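Enquirer: below are the sequence and a predicted model; questions follow.
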Amino acid sequence: MLKARFIKDLLGIKNNNDGDGGFDLNIASITDLIETRDGKYKIVFKVTPINGELISEPDLYFVSEAIAGALNSFDGRIGIYIQSECIDIETNLANMERRKGELKSETKVMLLEKQRSHIRSMAGKSRNVLNFYTVLEVVQSSSNAAEELLSDSYSSYKSELESAGLYADRLYEHDIKELLYRRMNPRVSEVEVYRRDWDGTDLLPENARVFKDGRHTEIGDRLYRFFAINKFPKSVESYRWLRKVFNIKGDISVAIILTPKNKSTILKELSRAVNELGAKALASSKDEAKMQKYQSEADSAKNMIATLGSDNVNLYDTNITIGISASSREELNTLANLLRSKISSTYCQSCEIKYKKFLPYIVTLPILADNKITKDYVWNLTTTDIASLIIYDSSELMEPEGILIGENVISNGLIILDTYGKIYNNPHECIIADSGSGKSFRIKVDAIRHVPYRDYIIMFDLEGEFYFPWAKRYKFSPAGGVVLNPFHIRNTIIDRDDQIKSSDIGTYLAGKIMDTVIFFKWIIPDMSPYGEALLEEDIRDTYKTHSITFESDVLPQKYPTLDTLSMVMSKKIDNKGLSSKSKETRQNMLACLNPYIEGAYSAMFNGQTNWDYSFHTVLDISALPEAVKKPTYDILLKDTWQFCKYDSSKTKRLYVDEAHQFADPDNPQTLKFLSTCIKRGRKYGISFVTATQNLPDFLSIERYGQAILDNSYFKLFFRLGETDIPVVKKTL
């Protein structure tokens, strides 16, 4: 039995004449169920909310229907609790410390420690996060019977919620006790954590009192005031019509207590009211104002009869009690004024609950209290009314482990996500942003934060702006000294569904030859099918000069170069046995390739590849002319994909900026390749961050551009251009 009149003897709490000794939770025991002294049993579960800010109205309809279905699945009292709780930042910090111990790179350790300090400093500015609990109550003769009934009811409630993406997790004995301990000891619990050997009295607050003014309550070192919504408007928004109240920036606890009313009794009373109001309207025919008043009330009663006639609608005595908390009276009074203003802005009316001792505080605890507050401060609401509130709704997005994304502008909380987590379809991200909106800054920050968590960070830099002192940076330019050999083979791992890592030179070579053809097609965009066939043959013969064939089982130390290709093609041009058409076609292709073989770009493309990947690699192609940038991007992307496939146990994060540049209807192969990589990347431990500032161009090859969007689970929008907005609306 948890009863505060024993607090003085058990916990040494000072008695205070301002208060009252009646801090009574009416609890007989807490096991996996809460049992009250009046023979009632209660089950407690936590609900993971949806983010109503990101859901369209048609989708909100389905969420509302799911909540209504959950409410209708249970015919007893229901308590729904929206409670602000301290951000559990210590779990994040502990996980970061654990990760730091696993790192061998001093750079990664330094970056992780910087992040840890940054998150700790940000957490001090952010408010608590909202958590959602639900309590169901039954009256049974034994705990076994109650457990069976409540377990079935919980399963039905949970099933209805999960149909709309809301997930419920049951709390058991120690979960319930720890929750109550934290609620009743908000500050003490931060330094003295709950222990499983505690009994019920150890959960109670160290001190509790109500001041003489009847409105201020002190629990621990926190001050509280309480309000009830005592009048609701006749009409409201379709959904989330109390969101301004629930999302108030401050320490808030909302209890929504639903006590079902007998429908048959209500319907009889409403029918009688309709008849009486109709008679009054007829009797007042000479007084137009009175007649309209009675007729309006009669119509309202008829509408309620029609609504309650549905099997899917119940009527509840609904109590909404709101508790607010602060460390000082000044802060508390400011919060109280803000709360009442928010309630008024929703066209509801509120009243402050005073001189009720500890009763309103107890109502806000997730134990489904039953006292004067829950009986006296009520309003009749239907299942549909309550469901339309979208009561399980929070914009918070903070996981115990992951990468800091930023600050939540709605709640001032932190957004921390583990994009590699199993709950997400894939870790890929697509950034859609107008030029100058912060896209590049976001990419740089995201890369820095991922360095300690990923084995490899690889970035394609098209603007020359991704500089990191610890990164290995390769600047591709005609005079840069970094060589990109189109014939270089990174490894011969092939992509198969049945076997992730499989080395097969012959099979790989076939694909590599076609990729090399695509590289040359960027250089010679008007290449005919005939020319493409000749080029494929010449590339094959070029590899053969270094003993690389479809039958090979060993790779050489060095690979063919563009000089080798030129030699192969020149021999065929001089071969008198070949047709003049093939010779002329090869001569034209050699002329187009000459800048890459002997001319301005030869130092960059004609030679052995002389670079490799490190834990953070930046591939800078900003110094290249537009004509060369696309083919370079193409071959680098494919080389990177081949590198990433080598060890699927290693995690890699690839940043593909300006992806719209691949959206060439005449040469769609690179965009197709990118979409395939994104689709298959997860099994190789790869997450792609694809960024574009020109969505219409990106989707001009709809099959592949749309596939990249669809296969990127995370989509991040910055400021959009005028041409992007209608495309976004249509596409997403």
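Expert: All right, it came through fine. Residues are numbered from 1 along each chain as shown.
Enquirer: what number of residues lie near residue 338?
Expert: 14 (other C-beta atoms under 10 Å). The way it works is simple: take the backbone N, C-alpha and C, and place the C-beta from them, glycine included.
Enquirer: kindly report the same for residue 563.
Expert: Around residue 563 there are 14 residues (other C-beta under 10 Å).
Enquirer: what's the answer for the one 4 residues further on, then?
Expert: Applying other C-beta under 10 Å, we find 15 other residues in the vicinity of residue 567.
Enquirer: what does the helix or strand hosting it rub up against?
Expert: Using DSSP states H and E, residue 567 sits within helix 562-574. Residues outside helix 562-574 that contact it (C-beta atoms under 8 Å, 6 or more residues apart in numbering) are 485-487, 538-539, 541-542, 545-546, 578, 582-583, 586-587, 589-590, 593, 596-597, 602, 605-606.
Enquirer: can you turn the buried part of those into a ChimeraX selection?
Expert: A single ChimeraX command selects the buried members of the contacts of helix 562-574 (16 or more other C-beta atoms under 10 Å):
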select :485,486,487,538,539,541,542,546,582,583,586,589,590,593,596,597,602,605,606
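Enquirer: so which of the contacts of helix 562-574 are in helices?
Expert: Among the contacts of helix 562-574, the members falling in helices (DSSP state H) are 538-539, 541-542, 582-583, 586-587, 589-590, 593, 596-597, 602, 605.
Enquirer: quick check, nearest of those to residue 46?
Expert: Nearest to residue 46 among these, counting by C-beta to C-beta, is residue 605 at 59.1 Å.
Enquirer: returning to what we had before: buried stuff in the helix holding residue 567?
Expert: 562, 564, 565, 566, 568, 569, 572.
Enquirer: low pLDDT regions in the stretch 351-500 of the chain?
Expert: 410-412, 496-500 (pLDDT under 70).
Enquirer: mind redoing it with 90?
Expert: For the stretch 351-500 of the chain, applying pLDDT under 90 flags the ranges 379-385, 394-402, 405-426, 432-440, 462-465, 478-480, 493-500.
Enquirer: contacts for the helix or strand containing residue 381?
Expert: Per DSSP H and E, residue 381 falls inside strand 379-382. Under the criterion C-beta under 8 Å, 6+ apart, residues 229-232, 261, 307-308, 313-318, 320 lie in contact with strand 379-382.
Enquirer: let's go with 6 Å and repeat that
Expert: Here strand 379-382 makes contact (C-beta atoms under 6 Å, 6 or more residues apart in numbering) with 232, 313, 315, 316, 318.
Enquirer: show me the two of those residues that sit farthest apart.
Expert: Taking C-beta to C-beta, no two of the contacts of strand 379-382 sit farther apart than 232 and 313, at 16.6 Å.
Enquirer: the closest residue in space to residue 520 that isn't next to it in sequence and residue 542, how far apart?
Expert: The shortest distance from residue 520 to any non-neighbouring residue, by C-beta to C-beta, 6 or more residues apart in numbering, is to residue 535 (6.1 Å). Distance of residue 535 to residue 542, computed by C-beta to C-beta, to the nearest Å: 10 Å.
Enquirer: which SSE is immediately downstream of the helix or strand bottoming out on mean pLDDT in the chain?
Expert: Taking mean pLDDT, DSSP states H and E as the measure, the chain has helix 7-11 as its least confident helix or strand, at a mean of 31. Toward the C-terminus, helix 7-11 is succeeded by strand 24-30 as the next helix or strand (DSSP H and E).
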